[in-house]
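Asks: Next one to model:
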Amino acid sequence: FLSTDYQLRLTWQAAAKHKVGFLVDYQSYCRCPSGISPTVSPEAASDDRWPLQRPIQADWTSPVTNQFLLEAAAIHRVERWGSMELGHGPTGVAADPGMISVTEQLLGNLVYRSRATYSNNWNRTFHYRVAASYITGTHALKFGFNDASGVARNTTLANQPVSYLFNNGRPVSLTLRATPYVDGVSVDHDLGFFVQDKWTVSRVTVGLGLRYDHFATSFPDLSLGAATLLPNRNMSFPARDNLSWHDITPKSHFAWDVTGNGKTAVKVSLNKYLEGMGLSGLTQTPSPVASLAAD
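Replies: Predicted coordinates for the structure are as follows:
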């Protein structure tokens with residue numbers, strides 16, 4: 001394994017009530033080689049590389065008064081990764097582009113000679129949030145919003161467009177691949193508005209909140225050009241909308257300090273939580289390119 005990580009963090013007190021922070025982080029990582037096992041020979045493995053992971057973040061806080069606080073932050077992240085061709089890593093093994101991948105059934109589906117496919121992927125995301133807090137002796141009110149957008153592009157490659165399935169050294173089937181091809185998805189909004197308040201009266205604390213979420217994705221313009229086995233392929237898919245979800249989630253909690261010294265408390269909460277989707281999961285399932293490649 002080989003990894004690098006360079007970070008720079010700056011903080012600027014621009015004024016008595018304005019504080020600005022800036023962070024840039026450059027990372028790279030390599031698991032080279034990866035995937036070697038009793039059923040995957042060294043030359044059929046890959047280099048799992050993350051040559052670029054670069055988040056840039058800026059944040060701002062302003063305590064307007066001793067009861068009112070404003071906050072804002074934004075982060076831009078670029079990431080590239082993939083199961084790429086073997087280099088001359090610690091094992092001294094390198095990929096031979098002329099080799100065709102073979103899977104031998106008799107030896108527990110042993111894969112040897114070469115890897116069937118490789119990948120080269122990248123995504124770009126942008127997140128930002130704004131919040132305000134108003135705190136008094138009995139109330140702690142907070143409200144704000146956040147949003148995110150991003151683009152993912154996934155490239156599937158192969159040195160050879162064919163791979164074989166053997167049984168006792170004899171071919172029984174083959175797989176033909178229309179590589180290379182590029183697939184992708186865009187997150188247009190991962191949006192949320194929230195408001196929450198917490199009341200404390202004597203030994204009882206009650207909290208209520210409400211959050212609205214909107215998640216929307218789309219597919220960009222995609223095209224499939226010529227491939228080794230499809231020299232005349234020329235297909236285009238226009239951009240189109242995909243998911244558009246809306247949800248409202250309530251939040252609530254109740255706490256009672258039974259003895260008044262904080263050692264014994266009764267707490268009850270009733271909440272709803274949503275799973276974060278981002279650029280993964282089912283967001284790519286209806287992609288026209290992915291559906292075509294699977295047929």
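Asks: Skipping its backbone neighbours, what lies nearest residue 111 in space?
Replies: Nearest residue to residue 111, sequence neighbours excluded (CB to CB, 6 or more residues apart in numbering): residue 44, at 4.4 Å. For glycine as for every other residue, the C-beta is placed from the backbone atoms N, C-alpha and C.
Asks: Around the one you found, count how many other residues there are.
Replies: Residues near residue 44, counting by other CB atoms under 10 Å, number 25.
Asks: doesn't residue 113 make contact with it?
Replies: Yes. Between residue 44 and residue 113 there is a contact under CB atoms under 8 Å: 6.6 Å.
Asks: if we can go back for a sec, can you pull the phi/psi pair for the residue nearest to residue 111?
Replies: phi -100, psi 10 (degrees, to the nearest 10).
Asks: What score does the nearest residue to residue 226 once chain neighbours are set aside have for pLDDT?
Replies: Distances taken as CB to CB, 6+ apart put residue 233 closest to residue 226, at 5.5 Å, once the chain neighbours are dropped. As predicted, residue 233 sits at a pLDDT of 91.
Asks: residues in contact with residue 233?
Replies: 178, 224, 225, 226, 227 (CB atoms under 8 Å, 6 or more residues apart in numbering).
Asks: May I see the buried residues of the longest strand along the chain?
Replies: In the chain, taking DSSP state E as the definition, the longest strand is strand 181-201. Of all the residues in strand 181-201, those buried under the rule 16 or more other CB atoms under 10 Å are 181-188, 190-192, 194, 196, 198.
Asks: Using a markdown table, lay out those residues together with pLDDT and distance to residue 40.
Replies: What follows is these, written out as a markdown table (pLDDT from 0 to 100; distance: CB to CB, whole Å):
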| residue | pLDDT | distance to residue 40 |
| --- | --- | --- |
| 181 | 89 | 24 |
| 182 | 88 | 26 |
| 183 | 87 | 25 |
| 184 | 86 | 29 |
| 185 | 87 | 29 |
| 186 | 89 | 34 |
| 187 | 91 | 34 |
| 188 | 92 | 39 |
| 190 | 92 | 37 |
| 191 | 94 | 43 |
| 192 | 94 | 43 |
| 194 | 96 | 47 |
| 196 | 95 | 50 |
| 198 | 92 | 54 |
